[in-house]
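S.K.: Mind looking at a prediction? Sequence and model below.
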Amino acid sequence: MKVINIYKILNIRYLLFVLAFYSINGQSQTLKDYLVIAAQNNPEVKAAYTEFEAAMQKSPQVSSLPDPSLTMSAFGRMIETRIGAQEARFSFMQMFPWFGTLSAKENAANLMAEASFQKYVDIKNEVYLNIKKMYAELYELNQMIQLEEKNLQILDTYRELSLSKFKNGKGAMVDVVRIDIKRNESGTNIQLLKDQNQPIQIGFNSMLNRDLNEFINIPDFLPVDENLTAINRDSLFAKNPKLLRLEKQKASFEAEQIIAKKEGFPMIGLGVDYSIISKRDVPDLEMNGQDAIMPMVTITLPIFRKKYKAAQKEAELMVQVTTYEKQAVENNLQASYSMANYNLLKAKRLKDLYKNQMESTNQAIKLLLAAYSNSGTDFEEILRMNQDLLMLETATVTANKNAFTAQSQIDYLLSKEE
């Protein structure tokens with residue numbers, strides 16, 4: 001069966017995950033490594049997979065024949081027959097549902113198990129997306145801390161320059177005071193960013209279900225696909241597990257309609273009745289004491305039709321429910337995809353803008369520093385331009401994070417393989 005093949009594939013993937021998990025221990029971990037750990041450890045993912053395994057157990061339950069019945073009777077007072085007294089009686093009966101009922105039930109159960117599998121895939125992908133978002137936030141914080149520390153070093157250099165100018169009588173002490181104000185502000189920002197890092201780190205390690213203080217390796221850049229491949233709109237969400245789950249559920253409810261119809265037909269029972277007969281004390285009696293064997297056929301009479309009609313109507317309504325749900329999910333996916341594409345394009349354009357502005361700002365700062373070295377004027381403008389440069393650098397980091405988050409959102413919506 002198809003669902004069995006899925007189960008085998010998942011077992012193979014599980015082994016590969018285990019091998020990958022142990023191979024990355026003690027090494028510098030990347031985002032892909034963290035996703036592998038999450039697939040292994042995250043309790044939400046494990047619960048969804050276990051739910052799928054539980055759904056796999058439904059098929060053998062519904063596709064089996066009803067248990068046969070065996071009736072045994074012993075007579076306190078033997079019933080006399082022509083050929084002897086009837087001592088005991090055994091009746092065996094096996095009921096058979098209408099033709100195709102069991103296969104329809106098996107099909108419905110397998111389809112629902114496949115829907116459960118798609119739910120597991122969707123939950124795993126959603127966990128991946130949340131991990132990527134937290135990873136991007138950690139990247140942003142790490143980069144901003146580095147930029148603030150770099151800015152603090154620049155301010156230290158400016159302080160030495162302004163102090164030297166003041167000692168030489170070419171500058172004002174107020175310039176040194178201004179720098180000290182900026183240095184204190186920068187130091188406070190660094191500490192606040194480091195404090196903000198801790199709750200995000202805890203949240204990230206919680207998603208991986210490991211020690212909350214475990215070290216997280218953060219890179220200096222986030223990979224973003226700059227050249228998106230055009231996708232046919234008709235097949236845009238063909239692999240999205242939310243839609244695949246609803247398709248399987250709809251097919252399962254359609255199978256339930258067939259089941260409800262077939263259960264409205266009679267069940268056929270085949271059996272045998274065996275009676276133990278004792279011999280009579282009668283000479284030359286034909287068939288004296290011969291046990292009696294009697295084949296039996298039983299047919300149920302499904303004459304109370306309301307329950308069968310109600311079952312068919314219930315399955316029909318559930319098909320409509322999944323149809324409406326699928327349409328709603330498609331609309332939400334389309335809206336989310338459009339917004340993610342906009343956010344990605346916006347981030348890319350802002351990065352280009354910030355790059356040009358940083359080049360111009362750096363050039364302006366160099367000219368202002370040269371002028372200040374000669375005349376000792378415009379120091380306040382130097383500080384302002386330096387602050388503008390820091391804002392542009394931090395805005396570039398945020399744009400990188402936003403681009404990566406938007407790309408991750410697109411990958412989630414399109415259900416791209418990790």
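M.R.: Cool, got the structure.
S.K.: Could you report the distance from the residue nearest the centre of the chain to residue 34?
M.R.: In the chain, the C-alpha nearest the mean C-alpha coordinate belongs to residue 123, at 1.6 Å (CA atoms, centre = their mean). Remark: distance between residue 123 and residue 34 (CB to CB, to the nearest Å) = 17 Å. C-beta here means a position set from N, CA and C on the backbone, and glycine is covered the same way.
S.K.: Likewise for residue 175?
M.R.: On the measure of CB to CB, residue 175 and residue 34 end up 47 Å apart.
S.K.: about what we covered before: could you check the pLDDT of the nearest residue to the residue nearest to the centre of the chain once chain neighbours are set aside?
M.R.: Distances taken as CB to CB, 6 or more residues apart in numbering place residue 48 nearest to residue 123, at 4.3 Å, with adjacent residues excluded. With respect to pLDDT, residue 48 has a value of 96.
S.K.: And for residue 284?
M.R.: At residue 284, pLDDT is 66.
S.K.: Likewise for residue 319?
M.R.: For residue 319, the model assigns a pLDDT of 97.
S.K.: Same check on residue 393?
M.R.: At residue 393, pLDDT is 95.
S.K.: Helices of this structure, residue ranges please.
M.R.: Ranges of helices within the chain are 2-23, 31-41, 43-56, 58-62, 101-167, 173-207, 241-262, 306-375, 379-414, based on DSSP state H.
S.K.: Double-check residue 404 against residue 219; I have them as touching.
M.R.: No: if you go by CB atoms under 8 Å, residue 404 and residue 219 don't touch, sitting 10.8 Å apart.
S.K.: shared neighbours of those two, anything?
M.R.: Residues touching both residue 404 and residue 219 (CB atoms under 8 Å, 6 or more residues apart in numbering) are residue 139.
S.K.: So if I had to pick from the two, which one is more boxed in?
M.R.: Neighbour totals were compared for residue 404 and residue 219, and residue 404 leads with 24 against 14 (other CB atoms under 10 Å).
S.K.: For the closest residue to that one other than its chain neighbours, which residues are in contact?
M.R.: Among residues not flanking residue 404 along the chain, residue 222 sits closest, at 4.0 Å (CB to CB, 6+ apart). By CB under 8 Å, 6+ apart, the residues touching residue 222 are 136, 139, 400-401, 403-404.
S.K.: Need the residues you listed in a markdown table (columns: pLDDT).
M.R.: As requested, the contacts of residue 222 are exported to a markdown table (pLDDT from 0 to 100):
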| residue | pLDDT |
| --- | --- |
| 136 | 96 |
| 139 | 96 |
| 400 | 95 |
| 401 | 96 |
| 403 | 95 |
| 404 | 96 |
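S.K.: Quick check: the two most widely separated of those residues?
M.R.: Of all pairs drawn from the contacts of residue 222, the one with the longest distance (CB to CB) is 139 and 403, at 11.4 Å.
S.K.: For the stretch 51-200 of the chain, which residues score under the pLDDT cut-off?
M.R.: 75-85 (pLDDT under 70).
S.K.: scratch that, the stretch 201-350 of the chain is what I was asking about
M.R.: 226-234, 280-289.
S.K.: Try it again at 80.
M.R.: Confidence mapping of the stretch 201-350 of the chain against pLDDT under 80 gives the ranges 225-235, 276-292.
S.K.: I'd like to know which of the helices of the chain is closest to residue 90.
M.R.: Nearest of the helices of the chain (CB to CB): helix 101-167, 27.1 Å.
S.K.: tell me what the closest one is packed against?
M.R.: Contacts defined by 3 or more CB pairs under 8 Å, 6 or more residues apart in numbering; DSSP states H and E place helix 101-167 against helix 2-23, helix 31-41, helix 43-56, helix 58-62, helix 173-207, helix 241-262, helix 306-375, helix 379-414.
S.K.: next one: that helix to chain centre, how far?
M.R.: 16 Å (CA atoms, centre = their mean, to the nearest Å).
S.K.: Now do it against helix 43-56, angle only.
M.R.: 170 degrees (axes from the mean of the first three to the mean of the last three CA atoms, to 10 degrees).
S.K.: Residue 389 contacts residue 354, doesn't it?
M.R.: No: the pair residue 389 / residue 354 is not scored as a contact, 10.3 Å apart, by CB under 8 Å.
S.K.: ok so, going back, would you mind giving the helices and strands packed on helix 101-167 as CSV with distance to residue 101 added?
M.R.: Formatted as CSV, the helices and strands packed on helix 101-167 follow (distance: least, CB to CB, whole Å):
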stretch, distance to residue 101
helix 2-23, 19
helix 31-41, 39
helix 43-56, 20
helix 58-62, 10
helix 173-207, 45
helix 241-262, 4
helix 306-375, 12
helix 379-414, 40
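S.K.: ok, the residue nearest to the centre of the chain to residue 356 distance?
M.R.: According to CB to CB, residue 123 and residue 356 sit 43 Å apart.
S.K.: before we move on, what about residue 365?
M.R.: From residue 365 over to residue 356 (counting by CB to CB), the distance is 15 Å.
S.K.: Can you add distance to residue 170 and give the contacts of residue 222 back as TSV?
M.R.: Below are those laid out as TSV (distance: CB to CB, whole Å):
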residue	distance to residue 170
136	47
139	43
400	41
401	43
403	46
404	47
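S.K.: Buried only: go through those for me.
M.R.: With burial judged by 16 or more other CB atoms under 10 Å, the buried subset of the contacts of residue 222 is 136, 139, 400-401, 403-404.
S.K.: Relative to residue 40, which of the residues you listed is nearest.
M.R.: residue 136 (22.0 Å).
S.K.: is it true that residue 351 touches residue 397?
M.R.: No: assessed by CB under 8 Å, residue 351 is found out of contact with residue 397, at 10.0 Å.
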